[in-house]
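> Give me a 3D structure for the following:
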Amino acid sequence: MKKDQVVIIIRSLIIISFILAWEWAATSGIVSTFYTSKPSEILKDLVQFCVSGDLMKHASVTLKEAFTGLIYGSIIGVSVGLLFGQFKTLGKIFKPIITAIHGIPQLTLAPVYILWFGIGYASKIFLAGLMVFFNVFFATYNAILDMEQKLVESASLLGANKFQILLHVVLPTCTPWIIMGIRTGLGSCLIGAIVGEYMGASAGFGWMVAYATSYFNIKRVMSCVIILLLVGLALNYVLDKVEKLLLRWRPDITLSIGENN
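Next comes the predicted model:
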């Protein structure tokens, strides 16, 4: 049996054991279903959530906000990181300002964004995009600062102009860190969209969780959490495939001598 298959089996056994233990604890009264519900009830609610059409309605709203914020935040984050990396003076001027803004918990500013952009899509997209921007910007900018200067010098000696150096040297070198920033941004964009929906919305998973909580409907809250968990897993799976495609030139490395992956 291959190592990957063993890992999948062990992972599946851990998850199944946790679900069975949760069901047993809730059924036997060790854990109060008022606070945690139980897997069988959550599964029934998930089916009802899907059949009623509410799942598609709320999922389309939250995912639209999150994906739009992810795209805008990633593009702007990479662009600003490359700009500051190219013009070091700009980086020295604006990086402390961006760091200070990043240090402010965005949850505290969410009502301000709602006030500025309203309770529609714009405020949620702005909040999601801003949270993604910070992750991608710092990953890109720090990757450029840590680059080997010899790579740029070698390309320049071979006759490459600035655009060619950027395209063929800087971007490929920074790609692993950019992808790491985007991977972190996957969770951030969902958080930004949901927090925005908490503050003011008429649809979306954030609104649904707030609504279900107000009526002590823990089943629906847990259903939304599980759906968001599955969405996060799916997005990370897609990003893993993209990373392998873009970084197919990079060899696999292990710290264990003589161990093959």
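
> Show me the helices in this protein, by range?
Ranges of helices in the chain, per DSSP state H, are 3-28, 33-36, 39-51, 54-86, 88-102, 106-117, 121-145, 149-157, 162-165, 171-199, 205-214, 218-246.

> List of residues touching the second one?
Helix 33-36 is contacted by residues 22, 26, 41, 216, 218, 222 when judged by C-beta atoms under 8 Å, 6 or more residues apart in numbering. C-beta here means a position set from N, CA and C on the backbone, and glycine is covered the same way.

> again, only this time at 10 Å
Here helix 33-36 makes contact (C-beta atoms under 10 Å, 6 or more residues apart in numbering) with 22, 25, 26, 27, 41, 42, 216, 218, 219, 221, 222.

> Pull out the buried residues from that helix.
residue 36 (16 or more other C-beta atoms under 10 Å).

> ok now it, how far from the chain's centre?
Relative to its chain's centre, helix 33-36 lies at 28 Å (C-alpha atoms, centre = their mean, to the nearest Å).

> then stretch 11-29 to PDB, C-alphas only?
The C-alpha trace of stretch 11-29 is given here as PDB (Å, rounded to 0.1, in the frame of the first residue of the first chain):
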ATOM      1  CA  ARG A  11      -7.200  10.800   8.100                       C
ATOM      2  CA  SER A  12     -10.600   9.200   7.300                       C
ATOM      3  CA  LEU A  13     -10.500   7.100  10.400                       C
ATOM      4  CA  ILE A  14      -9.800  10.100  12.600                       C
ATOM      5  CA  ILE A  15     -12.700  12.100  11.100                       C
ATOM      6  CA  ILE A  16     -15.100   9.100  11.300                       C
ATOM      7  CA  SER A  17     -14.100   8.400  14.800                       C
ATOM      8  CA  PHE A  18     -14.600  12.100  15.800                       C
ATOM      9  CA  ILE A  19     -18.100  12.100  14.200                       C
ATOM     10  CA  LEU A  20     -19.100   8.800  15.900                       C
ATOM     11  CA  ALA A  21     -17.800  10.000  19.300                       C
ATOM     12  CA  TRP A  22     -19.700  13.300  18.800                       C
ATOM     13  CA  GLU A  23     -22.900  11.400  17.900                       C
ATOM     14  CA  TRP A  24     -22.500   9.000  20.900                       C
ATOM     15  CA  ALA A  25     -21.800  11.900  23.400                       C
ATOM     16  CA  ALA A  26     -24.800  13.900  22.200                       C
ATOM     17  CA  THR A  27     -27.200  10.900  22.200                       C
ATOM     18  CA  SER A  28     -26.100   9.700  25.600                       C
ATOM     19  CA  GLY A  29     -26.400  13.200  27.100                       C
END
